[in-house]
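1. Based on what follows, work out the 3D shape:
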Amino acid sequence: MIKTTTSVTTSKPKAKAKAETAKAKPKAEPKKKPARGKKKPASKASPPVAPKPAPKPEPAPQPKPADGHRGGATPKLTEKDLPRVIETLRQYGGIKSVAADKLNVGRTTLYAFLNQHSAALEAAAEIDDEIKDIAEGKVIMAIRAGDMLTIRWYLELKAKDRGYVRRVENTGKDGGPVETLQKLDLSKLSDEELEILTNAAQRRESGPTQG
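-> Here you go, the predicted structure:
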């Protein structure tokens, strides 16, 4: 007697459920890439904007005036400036215009200050004498060095009693005498002489007569 066995295979419920859910989900459509070469639609033109007015240039800053007063007869130097004034005059050889410029005042202001302060006036005169002494010393040095121009200049000024005098001789054309024209005094002429001069002037104005 032969026995037969039958086997029934059943699928797992989980696998079957997954398959059904997969069928139920729709497939996602692939994203379309934009076609190359197509231009984007132009945006609407914006209305024109009025230009802003240019800013006004700021005025250049004016330089501040220097200390002191330039020009004018009223002095702006005080008693405290006396040493500074004397030192400036000595530094620049007693030249008033240069000293006034370095002191930031006008020349008239400096002269007014000197006239009002005897000490400053005496110092300015002393400085002038010092410069003269220096110049004379240079002349002596040039003479001792044999500078003939300086020697001649010195003799013409200092040795006139010895005959060193510069002579200037004025001559006329080609070394001749100098011609001078004297103004004619018509009041001293007679009537005949006046008539002769009048006729000569008329002939000169009319030009040479044609024959």
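
2. I'd like to know how many residues surround residue 206.
-> Residues near residue 206, counting by other Cβ atoms under 10 Å, number 8. (Glycine included, C-beta is placed from N, CA and C.)

3. what separates it from residue 186, distance-wise?
-> 22 Å (Cβ to Cβ, to the nearest Å).

4. What are the buried residues along stretch 77-88?
-> 77, 81, 85, 86, 88 (16 or more other Cβ atoms under 10 Å).

5. Give me the subset of those residues that lies in strands.
-> When the buried residues of stretch 77-88 are checked against strands (DSSP state E), there are no matches.

6. ok, residues contacting stretch 148-160?
-> 139, 142, 143, 162, 164, 165, 166 (Cβ atoms under 8 Å, 6 or more residues apart in numbering).

7. What's the mean pLDDT across it?
-> Per-residue pLDDT values across stretch 148-160 average out to 91.

8. do stretch 189-200 as well
-> Stretch 189-200 shows a mean pLDDT of 85.

9. Also stretch 123-141?
-> For stretch 123-141, the per-residue pLDDT averages 94.

10. try stretch 165-185
-> Mean predicted lDDT for stretch 165-185 stands at 75.

11. mind checking the end-to-end distance for it?
-> Using Cα to Cα, to the nearest Å, one end of stretch 165-185 lies 39 Å from the other.
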